[in-house]
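Undergrad: One predicted model, sequence on top.
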Amino acid sequence: MPHVPPADRVVVDDLGYTDDGISHVTAHFGHMEDPNVPAVLRLADTAGLEGPLDLDDASYFLSTIELRVGREPGMTRWRKRLFVATARITTDAAEYFGLPRDRTVIMGSRITV
């Protein structure tokens with residue numbers, strides 16, 4: 001679907017505990033839309049969260065994977081290097097999701113291909 005209607009953008013699921021202040025939010029985006037997580041969280045705040053939401057003080061967490069070329073058999077070395085090179089040209093996840101840099105924590109790991 002290229003665009004998701006605003007009424008279908010956010011779903012807040014009940015986790016069964018009303019006093020813990022934790023909510024499960026699912027956001028839907030079409031393939032022609034740029035996902036903006038803070039804007040969606042503003043929508044979720046009006047959709048019935050279990051607790052108050054302070055977006056000016058919210059922290060965001062992302063994970064990243066660093067690929068390295070290894071000596072393990074299974075793929076030729078030039079194909080491994082091509083795969084690693086194409087993986088590096090992806091867009092920055094924080095920028096893609098519209099997250100503020102000063103409140104985004106990025107944790108990563110390394111994988112050898």
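TA: Received the coordinates, thanks. Numbers count the residues shown, from 1 in each chain.
Undergrad: for the chain, what spans make up the helices?
TA: With DSSP state H, the ranges of helices along the chain come out as 37-45, 77-88, 93-96.
Undergrad: winner for burial among these?
TA: Greatest average neighbour count among those goes to helix 37-45 (a mean of 17), per mean count of other Cβ atoms under 10 Å. In short, each C-beta sits where N, CA and C put it, glycine included.
Undergrad: Look at the residue lying farthest from the centre of the chain and report its pLDDT.
TA: Among the C-alpha atoms of the chain, the one most distant from their mean position (Cα atoms, centre = their mean) is that of P73, at 32.4 Å. At P73, the model reports a pLDDT of 87.
Undergrad: go on, the one 4 residues further on?
TA: As predicted, R77 sits at a pLDDT of 91.
Undergrad: Please tell me how far stretch 93-105 is from the chain's geometric centre.
TA: Taking the mean of its C-alpha atoms, stretch 93-105 sits 9 Å from the chain's own mean (Cα atoms, centre = their mean, to the nearest Å).
Undergrad: Output that stretch as PDB, restricted to C-alpha atoms.
TA: Only the C-alpha atoms of stretch 93-105 are listed here, as PDB (Å, rounded to 0.1, in the frame of the first residue of the first chain):
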ATOM      1  CA  ALA A  93      18.500   4.800  10.500                       C
ATOM      2  CA  ALA A  94      18.100   7.800  12.900                       C
ATOM      3  CA  GLU A  95      17.700  10.100   9.900                       C
ATOM      4  CA  TYR A  96      15.300   7.700   8.100                       C
ATOM      5  CA  PHE A  97      13.000   7.400  11.200                       C
ATOM      6  CA  GLY A  98      13.100  11.200  12.000                       C
ATOM      7  CA  LEU A  99      14.800  10.600  15.300                       C
ATOM      8  CA  PRO A 100      16.500  13.500  17.200                       C
ATOM      9  CA  ARG A 101      20.300  12.800  17.200                       C
ATOM     10  CA  ASP A 102      20.900  14.100  20.700                       C
ATOM     11  CA  ARG A 103      18.400  11.600  22.200                       C
ATOM     12  CA  THR A 104      19.200   8.500  20.100                       C
ATOM     13  CA  VAL A 105      21.400   5.700  21.400                       C
END
